[in-house]
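starting from these lines, generate the structure:
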Amino acid sequence: MARYPYIAIEGVIGVGKTTLARLVRDSFQAELLLEVFEENPFLSDFYADRARYAFQTQMFFLLSRYRQQHRVIGPTLAHSCLISDYSFAKDRLFAHLNLAGDELEMYERVHNVLAEKIPMPDLVVYLRADVDTLMNRIATRDRPYERAMSRDYIADLRLAYERFFADYHDAPVLAIDTDSLNWVSDSEALGYVTGQVRATLDDGFEQQRLPIFPTDYLQSAETVAEGLLPAGRRRLGDFQRWQKALDRSDALLSDLYFNYMGLTQEVGQLGAEMTAIWRQQKVLYQQAGNQPEAMEQAVSECLPHLRSELADCLSYLLKLANNAGIDLETAFLEKVNR
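Numbering: from 1, shown residues only. Below you'll find the predicted structure:
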């Protein structure tokens, strides 16, 4: 990486984010960025009356988290690895759980402006736990303002986290189930988690696997509505990571030269398809005498092969970018800006 890595640890209240951040700090020789939440003057009132104090609490958290992360992340990464027990993105998760209507709309406006100025983590470690585990851990640490926290709220929050990270693509995510892990008293558990994080960073990214669905299933609007497929937009970086994971699963670890030769072959096949389209367009134009209609019909007749060859070309471009360690989306945007 061009700079030191930034790791954000995420999960529901009580899952052990701060404890883990403190314990793995020395292993990564990292600086710590810990959320300062006790200073929120609305927090205890919010836990007692969520509806009344939700907006004040959420806006205070948003501005506080922005101020802290904007001041700390950039300068720290210039000289050290950084581990945080929260990510800026999670603020929006809480807002959608606690706010609605005009309050949520106002929050979104402010959040969108601030989020553009916050660096994304190189890795998000998402800690999972069931509701019983979370309630036990919350009771064990016995923070006064958490004593009135209801089981239903934690259950809703846990579900919101699951949905959020199912459709989160701004950074690689390493999910770890923690119900059977006690890294405070068990050094093997801590070693396991540390090893998972280190292996992910050494690999560059936690590779997200391509979802496998039948073609007609992918085209069904019901699959998105039911939450079976993420409704959010994919980024070009997601496809790079998927391509890398796919190559590894199929043992296709080819090098830069091999993939360049593959691309030239696919471009040649794409050229053959374009030649077929132009020839068919000429025939159709002689029959109908309308150039745009002739081209549209020619493309339509050759569309299945054209789609296939374009997809092959894209695949090899992704492979080449992975071989060279290039973020293709960033490179494209830089070119456009120039």
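
which ones are touching the residue nearest to Asp122 when sequence neighbours are not counted?
Spatial nearest neighbour of Asp122, chain neighbours left out: Pro5 (4.4 Å); criterion: CB to CB, 6 or more residues apart in numbering. Using the backbone N, CA and C atoms, a C-beta is placed for each residue, glycine as well. Contacts for Pro5 (CB atoms under 8 Å, 6 or more residues apart in numbering) come out as Phe28, Cys81, Leu82, Asp122, Leu123, Leu201.

ok, now which ones touch the first one?
Contacts here follow CB under 8 Å, 6+ apart; on that basis Phe28 touches Pro5, Ile7, Cys81, Ile83, Val197, Arg198.

list the contacts of the fifth one.
If you count contacts by CB under 8 Å, 6+ apart, Val197 has them with Ile7, Val24, Phe28, Leu123, Val125, Leu174.

please name the nearest non-neighbouring residue to the second one.
To tie it back to what came earlier, the one meant is Val24. What sits nearest to Val24 in space, not counting adjacent residues and going by CB to CB, 6+ apart, is Thr194, at 5.4 Å.

then the fifth one?
Distances taken as CB to CB, 6+ apart put Ile9 closest to Val125, at 4.7 Å, once the chain neighbours are dropped.

packing partners for whichever helix or strand the one you found is part of?
Here Ile9 sits within strand 6-11, counting by DSSP states H and E. When contacts are defined as 3 or more CB pairs under 8 Å, 6 or more residues apart in numbering; DSSP states H and E, strand 6-11 sits against helix 17-24, strand 81-84, strand 123-128, helix 151-166.

return the most buried member of the ones you listed.
Greatest average neighbour count among these goes to strand 81-84 (a mean of 24), per mean count of other CB atoms under 10 Å.

contacting residues around that one?
4-9, 21, 24-25, 28-35, 69, 72-73, 76, 121.

can you give me the neighbour number for the closest residue to Ala331 other than its chain neighbours?
Distances taken as CB to CB, 6+ apart put Ala321 closest to Ala331, at 7.8 Å, once the chain neighbours are dropped. Applying other CB atoms under 10 Å, we find 21 other residues in the vicinity of Ala321.

where does pLDDT dip in the stretch 1-150 of the chain?
Scanning the stretch 1-150 of the chain with the threshold set as pLDDT under 70 gives 1-3, 37-38, 145.

likewise the stretch 201-338 of the chain?
For the stretch 201-338 of the chain, applying pLDDT under 70 flags the ranges 203-234, 249-254.

residue boundaries of the strands in it?
Taking DSSP state E, counting those that start in this stretch as the criterion, the stretch 201-338 of the chain carries no strands.

ranges for the helices of it?
215-218, 221-225, 236-249, 256-288, 291-324, 328-337 (DSSP state H, counting those that start in this stretch).

most tightly packed of those?
It is helix 236-249: most buried of the helices of the stretch 201-338 of the chain by mean count of other CB under 10 Å, with a mean of 18.
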